[in-house]
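Colleague: coords please:
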Amino acid sequence: MSKTIWLPEEKQKMTWEKAMEKFGPGKHPDKVLPTIGQLRRAWEKGIKFNDKNYWSSSVHPDFSIFAYVFDGRNGVIDVGYRGYVYVSVRCVSTKSKKNKRKIKNEFRN
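Modeller: Next up is the predicted model:
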């Protein structure tokens, strides 16, 4: 099991569709939009978030026009219309520590 590595918040707020277009599975080589479960576990482990809402990659199972949003102020999970533009994005790394070490060692040789 690899450790989740949290990356800095993206500078630009965006819609869920734009976030998934840029950071959905297989879209970016180094980062991916986290699931709502990853966001909740990070909060429970004491990872600090700014006082903002963050998109998750998780879509509501009954109402697909909504995706789950994580409130960085208080850890509350809510839903947001996927076209709403004023939501922040904070990705997780898609590379494990083991892979990063391997890449670093390859550059030494």
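Colleague: which residues does the closest residue to residue 51 other than its chain neighbours contact?
Modeller: Closest residue to residue 51 apart from its sequence neighbours, by C-beta to C-beta, 6 or more residues apart in numbering: residue 73 at 4.5 Å. In short, each C-beta sits where N, CA and C put it, glycine included. By C-beta atoms under 8 Å, 6 or more residues apart in numbering, the contact list for residue 73 reads 49, 51, 52.
Colleague: quick one, which of those are buried?
Modeller: 49, 52 (16 or more other C-beta atoms under 10 Å).
Colleague: could I get the contacts of residue 73 as a markdown table with distance to residue 83, pLDDT and secondary structure?
Modeller: Formatted as a markdown table, the contacts of residue 73 follow (distance: C-beta to C-beta, whole Å; pLDDT from 0 to 100; DSSP: H, G, I helix; E, B strand; the rest coil):
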| residue | distance to residue 83 | pLDDT | secondary structure |
| --- | --- | --- | --- |
| 49 | 23 | 92 | coil |
| 51 | 23 | 93 | coil |
| 52 | 18 | 94 | coil |
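Colleague: go through the contacts of residue 73 and say which is closest to residue 88.
Modeller: residue 52 (4.5 Å; C-beta to C-beta).
Colleague: quick one: that closest one from residue 9, how far?
Modeller: Going from residue 52 to residue 9 by C-beta to C-beta, to the nearest Å gives 8 Å.
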